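>>> Fold the following and give me the result.
(chains A and B)
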Amino acid sequence: GENVEQHPSTLSVQEGDSAVIKCTYSDSASNYFPWYKQELGKRPQLIIDIRSNVGEKKDQRIAVTLNKTAKHFSLHITETQPEDSAVYFCAASKQSGGSYIPTFGRGTSLIVHP
Amino acid sequence: NAGVTQTPKFQVLKTGQSMTLQCAQDMNHNSMYWYRQDPGMGLRLIYYSASEGTTDKGEVPNGYNVSRLNKREFSLRLESAAPSQTSVYFCARADTNEKLFFGSGTQLSVL
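Next up, the predicted model:
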């Protein structure tokens, strides 16, 4: 099955710095890569996603890059703010039996210090 | 993030007890999922359902059963709860673009 590795497990930055979280996947059949943000005690929420036919996608301060050949993808957050503090999960998703099945990384706890 | 309702929000069980976690969507999407979340382990798939009446095992199905009797509802049953099943459980649905929308979660403790 799919295996998703996510690094680092914890990331501490100063407000205004950039943050980068990296993920690798193993199954070349995966073709959809979402990122979820989970605030303490809340549900995970989708913040950005990318498909395998695209190399980069941006949405204001966040961007995601994908290298299909190397099987890795990254989340970039610029000008971090305290409200960016949360756990971030990457996922690699492939189709199976009529559904897309996401396999999640173990998460990165991002702490933004004011 | 309206659209996925989970009950109960909290539950404490004794080892060997059974219970069913309920999940319902207010849309008409086909795919629904049950995940468990443990510290440092991310979200692990227990079961998923591609459509009404069909279910498939995920990464960690042992000790669980599911039921998808109609398009709206996807329930998760623990027949004989064990302490290893202490976790936070999330139900989710996927929209037509594969984006997952999660319920608010059930915090389960098995003593």
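>>> Could you use CA atoms for every contact and neighbour count after this?
OK.
>>> So B:Ile46 sits against B:Asn65, correct?
No. B:Ile46 is beyond contact range of B:Asn65, at 9.1 Å (criterion: C-alpha atoms under 8 Å).
>>> between those two, which one's more packed in?
More neighbours surround B:Ile46 than the other of B:Ile46 and B:Asn65, with 24 against 16 (other C-alpha atoms under 10 Å in any protein chain shown).
>>> what's the distance between the more buried one and chain A?
According to C-alpha to the nearest C-alpha, to the nearest Å, B:Ile46 and chain A sit 11 Å apart.
>>> Pop out the phi and psi values for that residue.
phi -90, psi -60 (degrees, to the nearest 10).
>>> Next, the residues that contact stretch B:84-103 from outside, please.
The set of residues external to stretch B:84-103 that reach it, using C-alpha atoms under 8 Å, 6 or more residues apart in numbering or on different chains, is A:34, A:43-46, A:100, B:1, B:3-6, B:23, B:25, B:29-38, B:104-110.
>>> Leaving out the residues flanking it, which one is nearest to the residue in chain A that chain B sits nearest to?
Going by C-alpha to the nearest C-alpha, chain B is nearest to A:Arg106 of chain A, at 3.9 Å. Spatial nearest neighbour of A:Arg106, chain neighbours left out: B:Gly42 (3.9 Å); criterion: C-alpha to C-alpha, 6 or more residues apart in numbering or on different chains.
>>> And the strands in the chain?
Since you didn't name a chain, this refers to chain A. For chain A, the strands defined by DSSP state E cover A:4-7, A:10-14, A:19-25, A:32-38, A:45-51, A:56-59, A:62-67, A:72-77, A:86-96, A:99-104, A:108-113.
>>> hm, I was asking about chain B
Under DSSP E, chain B gives strands at B:4-7, B:10-13, B:19-25, B:32-38, B:42-51, B:54-57, B:64-67, B:75-78, B:87-94, B:100-102, B:106-110.
>>> from what I can see A:Gln81 touches A:Val13, true?
No. Here A:Gln81 does not reach A:Val13: they are 9.6 Å apart, not a contact under C-alpha under 8 Å.
>>> any shared contact partners between those two?
Contact criterion C-alpha under 8 Å, 6+ apart; residues shared by A:Gln81 and A:Val13: A:Val112.
>>> What about the closest residue to chain A within chain B, how many residues nearby?
Closest approach between chain B and chain A, counting by C-alpha to the nearest C-alpha: B:Gly42, at 3.9 Å. Taking other C-alpha under 10 Å as the criterion, the count of residues near B:Gly42 is 21.
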